[in-house]
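K.L.:
Dropping the sequence and predicted coords here.
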Amino acid sequence: MGVSVAPSNPDKVYTILENANGGMYVSNDAGETWVLTSNDNNIRQRAWYYTKVFVDPKNENTVYAPNVGFMRSKDGGKTFTAIRTPHSDHHDLWIDPEDSNRMIVADDGGGQVSFDGGENWSTYMNQPTAQIYRVSTDNSFPYRILGAQQDNSTIRIKSRTTGAAITDRDWESTAGSESGYVVADPTNPDIVYGGNYGGYLSRLDHRTGENRAISVWPDNPMGAGADVLKFRFQWNFPIFFSPHNPKKLYTAGNALFTSENEGSSWEQISPDLTTNDKSKQKSSGGPITQDNTSVEYYSTIFTATESPYEKDLLWTGSDDGLVHVSRDGGKNWDNVTPAGIPKWMMWNAIDTDPFKKGAAYITGTRYKSDDFAPYIFKTEDYGKSWKKITDGINKLHFTRVMRADKKRPGLLYAGTEYGMYMSFNDGGTWKPFQQNLPVVPITDLTIKENDLIVATQGRAFWVIDDLSVVQQLNPSISNKSIHVFDVYPSYRMQGSPFAASFGAPKNTGANPPAGVVFNYYVKDVPDSAKAYVTIFDRDHKLIKTFATDAKENNAKIDVNRGMNVFVWDLRYPEAEKIEGMILWNGVPAGIIAPPGNYFARFKLGKDSAEVPFTVKADPNYKITQQDYEQQNIFLQTVINKFNETQKAIKDIRALRTQINSFITLQGKDVPKEIKQSADSINKKLTSIEETLYQTKAKSGQDVLNYPIKLNDKLSGVFDAANSGNFAPSKQSREVYEELASQIDRELNKLKSVKEKDVPAFNDAIRQKALPVIGVK
């Protein structure tokens, strides 16, 4: 029952209670006598889940009974109507004691605030509190993360984007519903399979939008106990693809099933792999109210997998404690339940050892029996014997999942009710691995492209981008003056040119670093020592140098004692800039390095280390390595000509300044022929500069009135050729040749001024016995 006393009249008490004849009762004499005011099922359905009552602090006749709908009565509990809220399934309510219009409702979507008595509510989309059951990834690029949210939709979300952050634009609902596994077709990431309660299984085609029900046995069990069902499917039943046959889809109820025609038909490939204890399968609830959604169903397969390393090696674990293995694709099964385990173990996750045949790990929980101990076991003989491996995990941190690293033998990751643990010795000992991860229940783990992806119950998805440092950790590293970890290959991805300048918005997911990530260790940093990071191409030709004393911010690095991270954004040095110059097309940005092999040299004082690394092509672009290299060569050609143009403009301005300063210094005494010579040079310089650059442009859109000139046009050609991943077009090459030819004519004119006019000017100065300034 729920009870609430009216703050404005303590003699008035409301109670909502579960009873065959229950409902909302009201007392006007502090509980001496009671009257049933409403038995509306909308306020008393699913009694164990709701059954709360709240009274307006200022009005004793306004009462709330949160349920599936947010129910309110304004006549003392006699009649109730639903108030619109952003989500359903309401469980709690706070009302401001001083202002009844201010309230906060708590529902299965989160928390929402109202300032007008429930007429309008704030959003719950600003709360990263999703409760994810299981996690998987697809084979798109970048890969997506998939999972089911408790009492919300299933989701698939990009693991990274080309923008400033991962936002709500980067995720969408997918197959299944709130409680199930969600997995993508290995060969087509836009075909997704998802589960839900009642054994519901769907196939969603994101291209067409078709959502096809393909349940193994589409006899809807809602409201019935498990004991009357042909097959028992848990709320969170397994769904997975064979790692050896991308067409083979598995799912599990109390038996294991496969389909190779996208769910058009299913084959049962195992007997009942549970205890099939009928006493644990009766209708759920109590003597008054039954409640069966399938989350209560027992004696089901709760976890299953096919080994990626041994074809037809199948493992299952049930929610009632049994472990089975088949080595022939399901034809024959052996009960290999670990000896001596406590009763009613819920096996939650199975993982196979990447480095040893017949070896596997299984994780179970018994928290529903008030046993909060972690249970992780390992076998190395196909389940004939098992060893418990939980030393170091807190005795109250029950563990739902454990995954083995795919690169370093013996490196394990465990997700518990209170966060993460890791082991470097195959579970012999464990240490906390929390880092910046919130202390939150971990429900599942997976590894994709060397990233560790974590599903949580209350804080959505978290990812460690690149496990390389963890995989390479070694005590001997701390004895080295400088150590650079092996670099995991990076992808050459297009990025938004505005992402860095605008930054990431609030309430968004963080992208991985854009570029190549170098992790390095420095034992000590002497005060006077300078540090450098130099990037070379495959032929050891210099691309760019970064330094602790660099003048430009984009070339400056910080080095600290201990672990450091340096990210090269794959860009070559930027083009030559001139302060205050107005360019419609801007200064050409740094060229993005093409896919290929590179080197990086780290230097601190006299110590240095060099590592090779690889930049991989974005698989979404179907172009050749030759195309990438041709684009790179052309862009370098354009940017070199642009830089040559910009330096010429700088030279022109410097030359003009020196000449004008000399004339000003001489004042009225400057000889006429010297003044005429200076004017002649200035006229030539001005003509050249005005051909190279639109000098009349003083603000950003002045060029709409004064046409852009050669340097700006050259920048436009650069942008056109740099607008995607492709070899330079014929027209881009032709326009460049025309512009370069025009620029060269002006540069030759400037060369003539420097080599003929300036020396003649200096000779004239000498003849007049004036101080020679040595104009260059």
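P.N.:
Perfect, I can see it now. Residues are numbered from 1 along each chain as shown.
K.L.:
alpha carbons only for contacts and neighbour counts from here, please
P.N.:
Will do.
K.L.:
Next, name the residue at the spatial heart of the chain.
P.N.:
The residue lying closest to the centre of the chain (C-alpha atoms, centre = their mean) is S159, at 3.8 Å.
K.L.:
after the longest strand that the chain contains, next one along is what?
P.N.:
Secondary structure of the chain per DSSP state E: the longest strand is strand 607-617. Using DSSP states H and E, the helix or strand that directly follows strand 607-617 along the chain is helix 625-666.
K.L.:
what's the angle from that following helix to strand 607-617?
P.N.:
120 degrees (axes from the mean of the first three to the mean of the last three C-alpha atoms, to 10 degrees).
K.L.:
So for helix 625-666, mean pLDDT?
P.N.:
Average pLDDT, helix 625-666: 95.
K.L.:
repeat for stretch 730-741
P.N.:
On average, the pLDDT along stretch 730-741 is 97.
K.L.:
the strands in the stretch 251-400 of the chain, which residues?
P.N.:
Assigned by DSSP state E, counting those that start in this stretch, the stretch 251-400 of the chain shows strands spanning 256-259, 267-268, 301-306, 314-318, 323-326, 334-335, 346-352, 360-366, 371-379, 387-388, 399-404.
K.L.:
State the distance from L437 to M420.
P.N.:
Noted for L437: a distance of 8 Å to M420, by C-alpha to C-alpha, to the nearest Å.
K.L.:
The two: which is more packed in?
P.N.:
A count of neighbours by other C-alpha atoms under 10 Å puts M420 above the other of L437 and M420, at 27 against 14.
K.L.:
For this structure, just list every one of the helices.
P.N.:
Applying DSSP state H to the chain gives helices spanning 468-472, 499-502, 625-666, 672-692, 710-721, 730-752, 758-767.
K.L.:
Deepest-packed of the ones you listed, please.
P.N.:
A comparison of those by mean neighbour count, using mean count of other C-alpha atoms under 10 Å, puts helix 710-721 on top with a mean of 22.
K.L.:
angle of it against helix 730-752?
P.N.:
Interaxial angle of helix 710-721 relative to helix 730-752 (the same axes, to 10 degrees): 150 degrees.
K.L.:
mind listing what D537 touches?
P.N.:
Going by C-alpha atoms under 8 Å, 6 or more residues apart in numbering, D537 touches I543, N597, Y598, F599.
K.L.:
Hmm, I typed the wrong one, I wanted I477.
P.N.:
H483, Y521.
K.L.:
The one 10 residues further on too?
P.N.:
By C-alpha under 8 Å, 6+ apart, V487 lies in contact with S468, V516, V517, F518, N519, V611, P612, F613.
K.L.:
Show me the one of the helices of the chain that comes nearest K606.
P.N.:
With C-alpha to C-alpha as the criterion, K606 lies closest to helix 468-472 of these, at 24.6 Å.
K.L.:
Give me the number of neighbouring residues for the closest residue to A130 other than its chain neighbours.
P.N.:
Excluding its sequence neighbours, the residue lying closest to A130 (C-alpha to C-alpha, 6 or more residues apart in numbering) is A460, at 4.5 Å. Neighbour count for A460, taken as other C-alpha under 10 Å: 19.
K.L.:
Next: P7.
P.N.:
With other C-alpha under 10 Å as criterion, P7 counts 16.
K.L.:
gap between it and L411?
P.N.:
59 Å.
K.L.:
can you check P759 too?
P.N.:
Here the criterion is C-alpha to C-alpha. By it, P759 lies 73 Å from L411.
K.L.:
do G199 as well
P.N.:
Separation of G199 from L411 (C-alpha to C-alpha): 36 Å.
K.L.:
Of those two, which one has the most company?
P.N.:
G199 (28 against 18).
K.L.:
Leaving out chain neighbours, which residue sits closest to that one?
P.N.:
Leaving aside its chain neighbours, G199 sits nearest to F233 (5.0 Å; criterion: C-alpha to C-alpha, 6+ apart).
K.L.:
My guess is that neighbour contacts N254. True?
P.N.:
Yes: in this structure F233 lies within contact range of N254 using C-alpha atoms under 8 Å: 6.7 Å.
K.L.:
between these two, which one's more packed in?
P.N.:
Legend: neighbour count by other C-alpha under 10 Å for F233 and N254, higher for F233 (31 against 25).
K.L.:
Any idea how far apart the tips of stretch 573-583 sit?
P.N.:
For stretch 573-583, the end-to-end distance is 19 Å (C-alpha to C-alpha).
K.L.:
Pull out the buried residues from it.
P.N.:
Neighbour counts over stretch 573-583 (16 or more other C-alpha atoms under 10 Å) mark P573, A575, E576, M581, I582, L583 as buried.
K.L.:
For A697, see how far away N41 is.
P.N.:
Going from N41 to A697 by C-alpha to C-alpha gives 74 Å.
K.L.:
who's more crowded, the two?
P.N.:
Just comparing N41 and A697: by other C-alpha under 10 Å the higher neighbour count belongs to A697, 19 against 12.
K.L.:
so who does that one touch?
P.N.:
I582, V703, Y706.
K.L.:
Tabulate those residues (CSV), appending pLDDT and distance to A404.
P.N.:
What follows is these, written out as CSV (pLDDT from 0 to 100; distance: C-alpha to C-alpha, whole Å):
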residue, pLDDT, distance to A404
I582, 94, 56
V703, 90, 61
Y706, 93, 65
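K.L.:
Can you tell me which of those comes closest to A106?
P.N.:
Distance to A106 across those (C-alpha to C-alpha) is lowest for I582, with 54.5 Å.
K.L.:
need the contact list for the closest one.
P.N.:
Contacts of I582 were listed using C-alpha under 8 Å, 6+ apart, and they are A697, K698, S699, G700.
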